[in-house]
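*Asks:* Pasted the sequence and its predicted model underneath.
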Amino acid sequence: GENVEQHPSTLSVQEGDSAVIKCTYSDSASNYFPWYKQELGKRPQLIIDIRSNVGEKKDQRIAVTLNKTAKHFSLHITETQPEDSAVYFCAASKGNAGGTSYGKLTFGQGTILTVHP
Amino acid sequence: NAGVTQTPKFQVLKTGQSMTLQCAQDMNHNSMYWYRQDPGMGLRLIYYSASEGTTDKGEVPNGYNVSRLNKREFSLRLESAAPSQTSVYFCASSRDRDLDSPLHFGNGTRLTVT
């Protein structure tokens, strides 16, 4: 099955700096790569996603890049703010390949991001 | 519009006891999922239901059963709880398995098995 590795496990930055979290996946059939943010004691919430036919996607201060050849994708957060502090998860799925589901996700282990004021 | 609602929020069980975690969504979504979250391991899929009347195993189904009661409700049952099932359980739903449809998670159930 799919295996998703996420690095680093913890990341500490100063407010205003950029943060980058990287994930690699093993199954070349995976075609959907979402990122979730989870605040302490809360549910995961989707912040951005990318499909395999796109190399980069941006939404204000966050962006995701995908390298299908190398099977890795990254989350970039610019101008970090204290409210960005949370656990971030990457995930991968095969989408609707073979009748499966976009929601059938394999998650990375998570990155604890701390933004210091 | 409550989204995805899970009950209970907290539960403590003794080894060998059984219980059912309830999940309901009011977004008319077709697909529903149960994930468990353990420290340092991200979320792992237990079971999912792509549509009413169907259920399939995920990555870690052993020790669990599910029922898709109707389009709104998807329950997770632990027949004989074990300490290894201590975890936070999240139910989620998505509109359709074939379309651009992100997961919506419930608030989670924190289960402790002693």
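*Replies:* Cool, the structure landed.
*Asks:* Please count neighbours and contacts with C-alpha atoms only from this point.
*Replies:* Fine.
*Asks:* For residue A:84, what are phi and psi?
*Replies:* Backbone dihedrals for residue A:84, given as degrees, to the nearest 10, come out at phi -80, psi -10.
*Asks:* And the pLDDT at it?
*Replies:* We note a pLDDT of 98 for residue A:84 in this prediction.
*Asks:* Repeat that for residue A:100.
*Replies:* Confidence score, pLDDT, at residue A:100: 58.
*Asks:* repeat for residue B:41
*Replies:* Looking at residue B:41 specifically, the model assigns a pLDDT of 79.
*Asks:* So it: helix, strand or coil?
*Replies:* Classification of residue B:41 by DSSP: H, G, I helix; E, B strand; the rest coil places it in coil.
*Asks:* count of residues packed around it?
*Replies:* Using other C-alpha atoms under 10 Å in any protein chain shown, the number of residues around residue B:41 comes to 12.
*Asks:* ok, now which ones touch residue 107?
*Replies:* In the absence of a named chain, chain A is used. If a contact means C-alpha atoms under 8 Å, 6 or more residues apart in numbering or on different chains, then residue A:107 has A:4, A:89-92, B:42-44 as its contacts.
*Asks:* Actually, chain B is the one I wanted.
*Replies:* Under the criterion of C-alpha under 8 Å, 6+ apart, the contact partners of residue B:107 comprise A:42-43, B:4-6, B:9, B:90.
*Asks:* Now residue A:31: closest residue in space that isn't a chain neighbour?
*Replies:* When the adjacent residues along the chain are set aside, residue A:31 lies closest to residue A:52, with 4.7 Å between them (C-alpha to C-alpha, 6 or more residues apart in numbering or on different chains).
*Asks:* quick one on the thing from earlier: which ones among the contacts of residue B:107 are found in strands?
*Replies:* B:4-6, B:90 (DSSP state E).
*Asks:* Now that we have these, can you turn them into TSV and tack on distance to chain A?
*Replies:* Putting the ones in strands among the contacts of residue B:107 into TSV (distance: C-alpha to the nearest C-alpha, whole Å) gives the following:
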residue	distance to chain A
B:4	11
B:5	12
B:6	11
B:90	8
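*Asks:* Sort out which of these are buried, if you could.
*Replies:* When burial is judged by neighbour count using 16 or more other C-alpha atoms under 10 Å in any protein chain shown, the buried members of these are B:4-6, B:90.
*Asks:* Tell me where the chain has strands.
*Replies:* Defaulting to chain A. Chain-ordered strands for chain A, with DSSP E as the definition, fall at A:4-7, A:10-14, A:19-25, A:32-38, A:45-51, A:56-59, A:62-67, A:72-77, A:86-92, A:106-107, A:111-116.
*Asks:* nope, chain B please
*Replies:* Listed in chain order, the strands found in chain B under DSSP E are B:4-7, B:10-13, B:19-25, B:31-37, B:43-49, B:56-57, B:64-68, B:74-78, B:87-94, B:104-105, B:109-113.
*Asks:* Out of those, flag the one nearest residue A:73.
*Replies:* Closest approach to residue A:73 among those is made by strand B:43-49 (18.4 Å; C-alpha to C-alpha).
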